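> Structure of the sequence below:
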Amino acid sequence: MSSPPIRRGPSQPGDNGRITVDLAALAANWRALSARLAEGTECGAAVKAGCYGLGDAPCMTALWQAGCRSFFVATPQEGARLRSLLPGAAVYILNGLYPGDAAYYAAHELRPCLGSPAEVAEWREAGAPGPSALHVDTGISRLGLAAEEAAGVAADGLPGLSLVMSHLACADTPDAPSNAGQLARFREIAAQFPGVPCSLANSAGIFLGPDFHFDLARPGIALYGGQPSSDPASRLAPVVTLEARILQTHLLKRGQTIGYGAAWTAPADMRVAMVAAGYADGYLRSAGSSDGRPGADAWLAGYRLPALGRVSMDMTAFDVSALPGGLAERGVFIELFGANIGVDEVATAAGTIGYELLTSLGHRFTRRHIGDPTGTTR
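Residues are numbered from 1 along each chain as shown. This is a model prediction of the structure:
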């Protein structure tokens, strides 16, 4: 017997779709990651891009209430926003020091992750007006000082250095040989900065084991319910539910096509629901289907609903033929991802990763934050 449709409170006038963020689950995931770390390792949090698109103020506050004290954002503006919300937090700027902005960083107590000799020199010239991190490259070849450049900083010294950090390129693949190589290079560089805390592990890095934990871990996607690694243990509690309303249902006859490009053809008579979510909302165009390839599934009342045809700007078609009459009706919200359809499952169907899907979610979805981060979900 099927379960009734999931309804998370009354919809508000004009609700197109809704993103429900469970702050209790977010806090529980942070605690679970913290408990997994080696003794003495602090658990921080990557909260860039508005906490991966889920709402910076409620999510950052929930993480603070859970016990997090070190936060990582991408830009100085994100850092200033975080500082206004959490005056006592340690705020690291992953993009480093922007030219001419040392005074801005100092005014907002932001810690630049210095990733080039030019940034180090400018921070020194400004009088090293606050704590900073040194970002070294051990193999991902994005931002970060080369080993010989880091050695030069170690020789000259850097006042206020509070962290030496690097970033793993293949932590999501535990057996990748590059993980051990990056670990060895990072240890060699970090040894030149005795007494300075070190950080290497992102979400996936935490699951590589205690050798990768050092003094501070920086989980991101795992906090928000995404699976960061092929290790099954890295799947934590779902945090985000994305729902969108059914606009109408109609019959599709065998042999009829649906959507732009006539990419999908009905193999039999069927019932179709047009749902108010499209690529303008961040429900990716690549999540659709064609006659040659399946797309993502949605969920309603215990039934999986395959996507039919291309995702349009404002709507997507789903097959509701299997649903008993009356369940898929105009105005009902279906789950696009959440506890029943994982965000990573939808991302895989769309040929991408959960990070992109979460951070693409648009402004037309109403965001709701539920749950008590101290431990009680309502």
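> how far away is Y279 from R304?
22 Å (CB to CB, to the nearest Å). Backbone N, C-alpha and C define where each C-beta goes, glycine included.
> Who has more neighbours out of the two?
Y279 (19 against 13; other CB atoms under 10 Å).
> pretty sure that one is touching M313, no?
Yes - if you go by CB atoms under 8 Å, Y279 and M313 touch, sitting 5.8 Å apart.
> For S290, what are phi and psi?
Main-chain torsions, S290, degrees, to the nearest 10: phi -140, psi 180.
> Give the burial count for it, as a bare number.
16.
> so it bridges to which residues?
Beta bridges link S290 to R293, judged by DSSP bridges.
> where do the helices sit along the stretch 1-150 of the chain?
23-36, 48-53, 56-66, 76-85, 102-107, 117-125, 147-156 (DSSP state H, counting those that start in this stretch).
> The ones you listed into a markdown table, with extra columns for distance to T173, mean neighbour count and mean pLDDT?
Formatted as a markdown table, those follow (distance: least, CB to CB, whole Å; neighbours: other CB atoms under 10 Å; pLDDT from 0 to 100):
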| stretch | distance to T173 | mean neighbour count | mean pLDDT |
| --- | --- | --- | --- |
| helix 23-36 | 19 | 21 | 97 |
| helix 48-53 | 21 | 22 | 95 |
| helix 56-66 | 27 | 21 | 97 |
| helix 76-85 | 29 | 19 | 98 |
| helix 102-107 | 35 | 16 | 98 |
| helix 117-125 | 30 | 17 | 98 |
| helix 147-156 | 24 | 15 | 97 |
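> nearest to L308, of those?
Closest approach to L308 among the helices of the stretch 1-150 of the chain (CB to CB): helix 48-53, 26.4 Å.
> Which strands or helices does the closest one pack on?
On a contact count with 3 or more CB pairs under 8 Å, 6 or more residues apart in numbering; DSSP states H and E, helix 48-53 meets helix 56-66, helix 76-85, helix 354-360.
> Show me what that helix is in contact with.
By CB atoms under 8 Å, 6 or more residues apart in numbering, the residues outside helix 48-53 that reach it are 56, 59-60, 72-75, 78, 94, 220-221, 224, 282, 355, 358-361.
> low-confidence ranges in the protein?
Low-confidence segments of the chain (pLDDT under 70): 1-14, 376-378.
> Let's see that with 90 instead.
1-16, 230-233, 325-326, 362-364, 374-378 (pLDDT under 90).
> Longest strand in it, please.
strand 240-252 (DSSP state E).
> Quick one: the strands in the stretch 201-350 of the chain, in order.
All strands of the stretch 201-350 of the chain, identified by DSSP state E, counting those that start in this stretch, fall at 216-217, 240-252, 257-258, 264-265, 270-275, 297-300, 303-308, 316-319, 333-337.
> follow-up on the earlier one: to K253, which of the helices of the stretch 1-150 of the chain lies closest?
Minimum separation from K253 across the helices of the stretch 1-150 of the chain (CB to CB) falls at helix 48-53, 39.1 Å.
> Just the CA atoms of that closest one, as PDB, please.
What follows is helix 48-53, C-alpha atoms only, in PDB (Å, rounded to 0.1, in the frame of the first residue of the first chain):
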ATOM      1  CA  LYS A  48      31.100  29.200   0.700                       C
ATOM      2  CA  ALA A  49      28.500  30.000  -1.900                       C
ATOM      3  CA  GLY A  50      25.900  30.600   0.800                       C
ATOM      4  CA  CYS A  51      26.400  27.200   2.400                       C
ATOM      5  CA  TYR A  52      26.300  25.500  -1.000                       C
ATOM      6  CA  GLY A  53      23.200  27.500  -1.900                       C
END
